[in-house]
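K.L.:
give me a 3D structure for the following:
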Amino acid sequence: MNLQDTLFASILADKRKFVFFLDYDGTLSPIETKPPAMIQPLMKQVLEVIMKDFQVIILSGRSQEDLRNLIGIENLFYAGNYGIELSGPQGFSRVNQAAEKIIPWTSGMLFSLRQKLGNIPDLVIEDRIYDIVLHYGSVADEAVRNKIVEVMHAASNHLLLFGSTSGEILPEEWDKGKAVTWLMDIFGFSEETNACIFIGDGLADEPAFEAVAGIGYGILVAENDRPTKAGYRLSSPDEVRCFLDQFKLYFCKMPSRDLPTKSITSGPF
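P.N.:
Predicted structure coming up:
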């Protein structure tokens, strides 16, 4: 039995209602830089079928506007900026109260970083409201790039994300694990009656894998094994689509399931 069969056997044995939390880049779509990767038609089609019977929430570091433009499904819920902002059909919108603490943190961190690094040519320090991205891809001097990374490590002992051309500093007050917990409450889900399926590919997804461990299914998207809190692994967005297709065939021919009885307009926001 291969890994995907093992995952699906566990899901088939679970009698709870499922809810999907899905990352975007590297999960629903291959990671690309320019232009941003639009969702593929086959992936879009399977999401549109599953969301008729199950709650599907896109949970990404991208803004809600970016996600909506890239995916293009009007009735989908988009949790942008690592889930601190949520929007959905008919103008639904919520912002977690942690934003009140994060925005001042961002301002203070920006001030400190600009004091220490603001004189470096070709370095762009981007204010994304709830986190900060340093774009150092155009900085040619390797020693200067190393200095930028050192300053980032000194600035924060929380989650840092590094790529070949940029690095990101996330606030201590928020991560995708906290987002999953908040979103579960908004939609009235509980671990007794609902099983979370969280699929993601990056280090920013690890807090969410930890949050669903024991109460659902954390699925890492990675070509090779690596240390992770996820219990399962799919190798690529193509394998994610195959898994979702398999799920659709088993579960979406059943009579439509009731969505949560708790109103999503109630609860702590």
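K.L.:
so which residues of this structure form helices?
P.N.:
Listed in chain order, the helices of the chain (DSSP state H) span residues 3-13, 41-50, 64-71, 99-117, 142-155, 176-186, 206-212, 237-251.
K.L.:
redo those helices as JSON lines? Include mean pLDDT and mean neighbour count.
P.N.:
From N, CA and C alone the C-beta is placed, and that goes for glycine too. Supplementary listing: the helices of the chain in JSON lines, determined by pLDDT from 0 to 100; neighbours: other C-beta atoms under 10 Å:
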{"stretch": "helix 3-13", "mean pLDDT": "82", "mean neighbour count": "14"}
{"stretch": "helix 41-50", "mean pLDDT": "96", "mean neighbour count": "16"}
{"stretch": "helix 64-71", "mean pLDDT": "94", "mean neighbour count": "17"}
{"stretch": "helix 99-117", "mean pLDDT": "93", "mean neighbour count": "14"}
{"stretch": "helix 142-155", "mean pLDDT": "92", "mean neighbour count": "14"}
{"stretch": "helix 176-186", "mean pLDDT": "96", "mean neighbour count": "22"}
{"stretch": "helix 206-212", "mean pLDDT": "96", "mean neighbour count": "22"}
{"stretch": "helix 237-251", "mean pLDDT": "93", "mean neighbour count": "18"}
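K.L.:
report how many residues lie close to T193.
P.N.:
Using other C-beta atoms under 10 Å, the number of residues around T193 comes to 11.
K.L.:
surely it and V19 touch.
P.N.:
No. Using C-beta atoms under 8 Å, T193 is not in contact with V19, being 10.1 Å away.
K.L.:
run a quick neighbour tally on Y24.
P.N.:
If we define neighbours as other C-beta under 10 Å, then Y24 has 25 of them.
K.L.:
and F198, how far from G26?
P.N.:
Here the distance between F198 and G26 works out to 14 Å (C-beta to C-beta, to the nearest Å).
K.L.:
just G80 next, same as before
P.N.:
If you measure G80 against G26 using C-beta to C-beta, the figure is 16 Å.
K.L.:
one more: R94?
P.N.:
Using C-beta to C-beta, one obtains 26 Å as the distance from R94 to G26.
K.L.:
and the pLDDT at N157?
P.N.:
Note for N157: predicted pLDDT of 72.
K.L.:
over to the one 3 residues further on?
P.N.:
The pLDDT attached to L160 in the predicted structure is 88.
K.L.:
same check, this time on E85
P.N.:
According to the model's per-residue confidence, E85 sits at a pLDDT of 95.
K.L.:
and for C252?
P.N.:
According to the per-residue confidence, C252 scores 82 in pLDDT.
K.L.:
ok, it - how many residues close by?
P.N.:
One way to gauge burial is a neighbour count; for C252, by other C-beta under 10 Å, it gives 17.
K.L.:
show me what contacts it?
P.N.:
C252 makes contact with V49, I50, K52, D53, F54 under the criterion C-beta atoms under 8 Å, 6 or more residues apart in numbering.
K.L.:
just put the helices of the chain in TSV and tack on distance to D225.
P.N.:
Formatted as TSV, the entries for the helices of the chain read as follows, by distance: least, C-beta to C-beta, whole Å:
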stretch	distance to D225
helix 3-13	10
helix 41-50	24
helix 64-71	29
helix 99-117	33
helix 142-155	26
helix 176-186	21
helix 206-212	14
helix 237-251	14
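K.L.:
of those, which is nearest I31?
P.N.:
helix 237-251 (9.0 Å; C-beta to C-beta).
K.L.:
how about that closest one as CSV, C-alpha atoms only?
P.N.:
Backbone C-alpha positions of helix 237-251 (Å, rounded to 0.1, in the frame of the first residue of the first chain) are rendered in CSV as follows:
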residue,chain,number,x,y,z
PRO,A,237,0.3,19.7,-6.7
ASP,A,238,-0.5,17.1,-9.3
GLU,A,239,-0.7,14.5,-6.5
VAL,A,240,-2.8,16.9,-4.5
ARG,A,241,-5.3,17.0,-7.4
CYS,A,242,-5.3,13.2,-7.7
PHE,A,243,-6.0,12.9,-4.0
LEU,A,244,-8.8,15.5,-4.2
ASP,A,245,-10.2,13.7,-7.3
GLN,A,246,-10.2,10.4,-5.4
PHE,A,247,-11.9,12.1,-2.4
LYS,A,248,-14.5,13.5,-4.8
LEU,A,249,-15.3,10.1,-6.3
TYR,A,250,-15.8,8.5,-2.9
PHE,A,251,-17.6,11.2,-1.0
